[in-house]
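[1] Next come a sequence and a model predicted from it.
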Amino acid sequence: MNPIERLKQEKLGLELLNEFPRLAATPVAELSKDDQQRIKWIGFWYRETEPPTLMQRIRIAGGVASSAQLRAMASIAQDYGRDLVDITTRQQVQLRWLDTSHIPDVYKRLWDVRLTSLQNGMDSIRNVVTSSVAQLDSNELIDALPICREISDWITNFEKGNKDVANLPRKMNIHITGHIHDTGASTNDIGMYPAQKNGQLGFNVMIGGAVGGKHPMLARELNVFILPDQALEMVRGIVELYNLHGLREERHKARLKWLLELWGIEKFRAELETHLGKTFETAGEDLRIHGTPRLHLGVNPQKQLGLHYIGVHVPVGRTTGTALLELADLADQYGTGEARFTIEQNIILPNIKTADLEEVLAHPFFARHTPNPNKIVEGVVSCTGVEFCPMAVIETKTRALEVSHILETELLNALPLAEPIRIHWSGCQHACASHHIGDFGLQGTKVKVDGVMVEAVDVYVGGMIGRNAKLANKILERVPITELPEKLVALTREHLPHLIAPELEAADD
């Protein structure tokens, strides 16, 4: 039995919900090694800062947060977290510098606005993701946001937690979209995308995607078509089957993808039908379109006449509680009291009337979070990096910004771009920034230069999500970050010509 399985058998992490007084009275530095693991089940991560602190990751189904929820997260960040807020690639918010003594008050503030961080770590199902423009965009065929919320409520049972799915062999990720621009079904353990069969709209189902670690894999087609009201049943069936048969003995082989490697897709489908006692329809017509992912920045018309959403860029996903308060005020004054977090670590402010756009865009919030970044910084995604993460081997967020600023001059002047370059920075092989699916994927490493170890990256090229999903190929190893901008300029011309503006190609001819 591996150590985590032993720990879970002794006491499940969710039981810490009943131990808030003990946790609050225990300094972070005195948490036992077991409690440092168990506390992840209630959404906190032990971090070796000086002194040690906690990071909290908050669940936000589909990335949609009300103004009251924004204010609650902002108040925690301001009161306890040095005003620091990180947006993740799963449409969530991370708060830092927290102490164990804050846990009871933090949980109360979140629960009061129907937010939780339960089961957002370790062997549970992480935040359920959907299109950032669900319910807003005319290219959406099925509204998947209520489905994401339904599944999220099942996962956590809100304040109590759901013990049935809190002791999986490993973590699971779920992505459900009804949009023709699929943003990640193929990179998740369970993915659903829009399809059509027998005149009905529904979802095709994919399983087994996981792009972190040494063996990244895209999800496989389960050859199943379901109607929207069958989505929760399908998720429950897959999770239950995985929970029963997942390979718990070795954690590095415990993800769903490894069970599929052992069984094959046909056996998994047959076992799932037996488990649920029903026969599924085979896959329907794929309604997604080929093309590059949309980042939803700028001012965009909604399918609701006279309304717009504003996508704003948050450099490397790092912002402040103060900014969330401003966002909440804007949402209440000009919108319908909501904002959204995207998988590209950006923010969307929806439901803005045409007549209000000029006044809204004049707000100081948009001076710090521009809707119109250049095509270098627009596509940058970054993990936490060595600043806070013990597994990272390089600093990522600062390096990503430094390199982007150099590229703004060296690349944009040389190669005007028609599309943004999606540059994903991961501080290690765990790929929290999904570097395997970026136009450029950068994985942190180290290299010796003139006898001194310096930060470097392995360079991957050509990753894609959506209907034409593929994993990036590693083409360079251990490139010192000081040499990276020059390399990326040359590699863009060689490997990503489709991103270069047509007028430049014509001029070259």
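    Noted; the coordinates are in hand. Numbers count the residues shown, from 1 in each chain.

[2] Would you mind measuring from the residue nearest to residue 469 when sequence neighbours are not counted to residue 321?
    Take residue 469 and drop its neighbours on the chain: the residue closest to it by Cβ to Cβ, 6 or more residues apart in numbering is residue 186, 4.0 Å away. (C-beta placed from N, C-alpha, C; glycine too.) Remark: distance between residue 186 and residue 321 (Cβ to Cβ, to the nearest Å) = 34 Å.

[3] Return the residues in contact with the residue nearest to residue 469.
    206, 209, 218-219, 465-466, 469 (Cβ atoms under 8 Å, 6 or more residues apart in numbering).

[4] hmm, try it at 7 Å
    Residues in contact with residue 186 (Cβ atoms under 7 Å, 6 or more residues apart in numbering) are 206, 209, 218-219, 465, 469.

[5] How about residue 161?
    14, 17, 118-119.

[6] What number of neighbouring residues does the residue nearest to residue 388 when sequence neighbours are not counted come out with?
    Excluding its sequence neighbours, the residue lying closest to residue 388 (Cβ to Cβ, 6+ apart) is residue 47, at 5.7 Å. By the criterion of other Cβ atoms under 10 Å, residue 47 has 19 neighbours.

[7] Could you list everything residue 47 pairs with in the sheet?
    residue 53 (DSSP bridges).

[8] Let me know whether it touches residue 387 as I believe.
    No: the criterion here is Cβ atoms under 7 Å, and residue 47 misses it with residue 387 at 9.8 Å.

[9] where do the helices sit along the stretch 301-450 of the chain?
    With DSSP state H, counting those that start in this stretch as the criterion, the stretch 301-450 of the chain has helices at 321-334, 357-361, 365-368, 397-410.

[10] Could I get the pLDDT score of residue 419?
    In this prediction, residue 419 carries a pLDDT score of 89.

[11] Sorry, slip of the keys, the one I care about is residue 294.
    The model's pLDDT for residue 294 equals 87.

[12] tally of neighbours for the spatially closest residue to it that is not a sequence neighbour?
    On the basis of Cβ to Cβ, 6+ apart, the spatially nearest residue to residue 294 that is not a chain neighbour turns out to be residue 181, at 5.1 Å. Using other Cβ under 10 Å, residue 181 has 20 other residues around it.

[13] Then residue 443?
    25.

[14] just residue 131 next, same as before
    Residue 131, neighbours per other Cβ under 10 Å, totals 32.

[15] which non-adjacent residue is nearest it?
    Per Cβ to Cβ, 6+ apart, closest to residue 131 is residue 179, 4.1 Å.

[16] Then residue 321?
    Nearest to residue 321 is residue 77, by Cβ to Cβ, 6+ apart, at 3.2 Å.

[17] Would you confirm that the one you found belongs to a helix?
    Yes: using DSSP: H, G, I helix; E, B strand; the rest coil, the assignment for residue 77 is a helix.

[18] From residue 121, how far off is it?
    From residue 77 to residue 121 the distance is 19 Å (Cβ to Cβ).

[19] More neighbours: the two, which one.
    Set residue 77 next to residue 121 and count neighbours by other Cβ under 10 Å: residue 77 wins out with 28 against 22.

[20] Look at that one and report its pLDDT.
    98.

[21] so it touches residue 93, yeah?
    No: Residue 77 lies out of contact with residue 93 (Cβ under 7 Å); the separation is 8.6 Å.

[22] can you list residues touching both of these two?
    What both residue 77 and residue 93 touch, as defined by Cβ under 7 Å, 6+ apart, is the set residue 85.

[23] I figured residue 134 hits residue 146, correct?
    No: counting by Cβ under 7 Å, residue 134 sits too far from residue 146 to count as a contact (9.1 Å).

[24] Between those two, which is the more surrounded one?
    residue 134 (23 against 15).

[25] Check the gap between the residue lying closest to the more buried one once chain neighbours are set aside and residue 184 for me.
    Using Cβ to Cβ, 6+ apart and skipping residues adjacent in sequence, the residue nearest residue 134 is residue 145, 4.2 Å away. Residue 145 is 15 Å from residue 184, where distance means Cβ to Cβ.

[26] next one: residue 284
    On the measure of Cβ to Cβ, residue 284 and residue 184 end up 20 Å apart.

[27] which one of those two has more residues nearby?
    Higher neighbour count among residue 284 and residue 184: residue 184, with 27 against 19, using other Cβ under 10 Å.

[28] wait, what's in contact with that one?
    129, 175, 343, 465.

[29] which one of these sits closest to residue 248?
    Using Cβ to Cβ, residue 175 comes nearest to residue 248 of those, at 24.3 Å.

[30] what's the spacing between the helix or strand where the closest one lies and its chain's center?
    Using DSSP states H and E, residue 175 sits within strand 174-176. How far strand 174-176 lies from its chain's middle: 11 Å, per Cα atoms, centre = their mean, to the nearest Å.
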